[in-house]
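J.: below are the sequence and a predicted model; questions follow.
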Amino acid sequence: MNKTAILLLIATLVIFSNCNHKGNQYDVPQKIIVAGKIDNYDPDKEVLITVNNLGVERESIAAKADSAGNFMAIFESYIPVDAWIRYKTNFLILLHPNDSLFVHFDGKHNDRPELLETLRFGGKLAKTNQYTAKFQQMFFSNEIYYNWDKKRKAVKEYDVDQYLQYLDTLQQKSKKIYDQFVAENRPDTESKRWAQLYIEKDYYHFLYWYVSDHRNANNMGWDNPWDVPVGFFDRLSNRLPIDPSMFISAYALRSFSGYYKKYVSDKLRDRATGDGWAILPGASIGGSVPIVDSLVIFSTIEFVTDTLLLQIMLTQNFDREFEKQNISLYEKYRDVADRYIKEPFLKEPLYQRYLQTKMRIENPQVYTKAVLKEVANLSVNQIMDEIFQQNKGKVIYIDFWGTWCAPCLDELPNSKIVEHEFKDQDVAFIYVCIHSNEKQWKATLDKFQLGGQHYFLSNRQSIEISNLLEITGYPFYLLIDKDGIIKEKGSHLRPLSERDKIKEMLK
């Protein structure tokens, strides 16, 4: 560790030596500092730390880095968590409230296992994080992670029983990686607990997505009744009970609490009476928004018997609406939230998120570099012509999104990263908001502070542009070269995956 890095570590430790913890465990938020040094640092690449909060959305913090690659970020957490460090690739670190961690790695590597090999840590959790880095290196180097062709084949071709057998085999292979990790490294208790939960995540992930992925892979329309049997999602309850030792694996636990909604809706299959709602294939609830919202909340209370999981899931339900800049659900069921969500690490952040969202809706402060286009009186053909004419000679990346679309919102922080990487280059980032509320649109722009050019379409324009471009799902992207030729379109053109294509088109 060089002199600069040592001084930076000492500074973080001094800060915490003056911190006083007040209140009971998990009752109040505590500072966490992540500092580090990146060898072979590229100043054009952003260092981003994404904290896997439970209940509420992940928090992404841009770590301030100097020209030598020294970086630092400070944030707060009520509970132990894990967080992603993103620079070229990404990896997970483990963090405690009222503590600091120093991270040192070689930034010349784009390959995750190669970068993980260079990781070194300082601070109280240095040894724990060294163990988890070793586990990640083993996991991400294994075929079980990177062989997506085999996973896609299984999803498409296997029936229910075959797919469950495949998942059991997958889980057994994951367990072998874990057993090898424990045998070779003799890790501490916390890193073992974290790794154990991490290897289980894929099992629940693939179980959750099997129905929709199988149907899509086989081009099944909604008139095709194929589905899994009742009780298919009972396997999700194998992870229960949820306890505080799981907090450190927040990445796995927040995912699991999202997957568990399939268990809940599966229990409703016999109750679908046609009075404004129904259970669709894959135990998804369909129907009018007010009925579905009420059904989701009260069925979660009825069927989730684990108290901690219930609180996390209810918090997620309300927070998911805040992500869409919608506060009506929380205001309508505020008494339910207060009655069931008791843990301060869930209750207090949720309420703060409500206040922030309410303020954005009522008084949006749109980023000054964002260009809002007035197109209310234009046809969609005129809108597309305007985009082409105003960005002649540039690579154009168009994102069609909606405030109601969770996957769209998940990608907006990534769009901001890519915007930063191509600043001052001949790339135009265009954001077209469809089927949305205008106040929620402006509140979303306030939240994400994107640059680029922004278009808000009426419902009529939204329908027309969907028909014109044959859009079947959102988010949807267009990638257009300097000559104005659409080179590619589709939902797969996510921002982080398209950087290399954009670079090639700039040549």
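T.: That came in fine, so what should we check first? Numbers count the residues shown, from 1 in each chain.
J.: quick check: F102 vs Q30, distance?
T.: F102 sits 18 Å away from Q30, taking Cβ to Cβ, to the nearest Å as the criterion. Heads up, the C-betas are built off the backbone N, CA and C, glycines and all.
J.: oh, that last question was meant for L253, not what I typed.
T.: 19 Å.
J.: those two: which is more packed in?
T.: More crowded of L253 and Q30, by other Cβ atoms under 10 Å: L253, with 23 against 19.
J.: which residues sit against stretch 372-392?
T.: 366, 396, 398, 428, 430, 432, 445, 453-458, 461, 464-465, 468, 480, 484 (Cβ atoms under 8 Å, 6 or more residues apart in numbering).
J.: what about the spatially most central residue of the chain, which helix or strand?
T.: The centroid of the chain falls nearest to D410 when counting by Cα atoms, centre = their mean (5.6 Å). Element membership for D410, per DSSP states H and E: helix 406-421.
J.: got the contact list for that helix?
T.: Taking Cβ under 8 Å, 6+ apart as the rule, helix 406-421 contacts 44-46, 48, 60, 86, 320, 323-324, 397, 399, 401-403, 429, 431, 444, 448-452, 474-475, 494-496, 498-499, 502.
J.: kindly report the domain assignment for the protein.
T.: Per automatic domain parsing, the structural domains of the chain span 3-134, 144-361, 371-506.
J.: just the buried members of the contacts of helix 406-421?
T.: 45-46, 48, 60, 86, 320, 323-324, 397, 399, 401-403, 429, 431, 444, 450-452, 474-475, 494-495, 498, 502 (16 or more other Cβ atoms under 10 Å).
J.: same for the longest helix seen in the chain, what does it pack against?
T.: Ranked by residue count, the top helix of the chain under DSSP state H comes out as helix 189-217. Using 3 or more Cβ pairs under 8 Å, 6 or more residues apart in numbering; DSSP states H and E, the elements in contact with helix 189-217 are strand 89-95, helix 126-140, helix 148-157, helix 160-185, helix 250-259.
J.: quick check: what element follows the first one along the chain?
T.: The reference is to strand 89-95. Per DSSP H and E, strand 89-95 leads on to strand 99-106 as the next helix or strand towards the C-terminus.
J.: pLDDT (mean, whole number) over that next one?
T.: For strand 99-106, mean pLDDT rounds to 96.
J.: then stretch 292-307?
T.: The model assigns stretch 292-307 a mean pLDDT of 95.
J.: residues contacting that stretch, please?
T.: The contact list for stretch 292-307, computed with Cβ under 8 Å, 6+ apart, reads 240-242, 260-261, 263-265, 267-268, 277, 285-287, 310, 313-314, 317, 329, 332-333, 336, 340.
J.: now, which of the buried ones among the contacts of helix 406-421 lie within helices?
T.: R320, E323, T444, I502.
J.: the nearest residue to K156 once chain neighbours are set aside: neighbouring residues, count only.
T.: In space, and not counting its chain neighbours, K156 is closest to A217: 3.8 Å by Cβ to Cβ, 6 or more residues apart in numbering. Counted with other Cβ under 10 Å, the neighbours of A217 add up to 14.
J.: same thing with L409?
T.: When neighbours are counted by other Cβ under 10 Å, L409 registers 21.
J.: for the one 10 residues further on, same thing?
T.: The criterion is other Cβ under 10 Å. On that basis, E419 has 17 neighbouring residues.
J.: quickly run through the sheet partners of the longest strand seen in the chain, with directions.
T.: In the chain, assigned by DSSP state E, the strand with the most residues is strand 30-39. Pairing partners of strand 30-39, with direction, according to DSSP bridges: strand 70-77 (antiparallel), strand 99-106 (parallel).
J.: what angle sits between it and strand 89-95?
T.: 140 degrees (axes from the mean of the first three to the mean of the last three Cα atoms, to 10 degrees).
J.: what are the buried residues along strand 30-39?
T.: Quick answer for strand 30-39 (16+ other Cβ under 10 Å): Q30, K31, I32, I33, V34, A35, G36, K37, I38.
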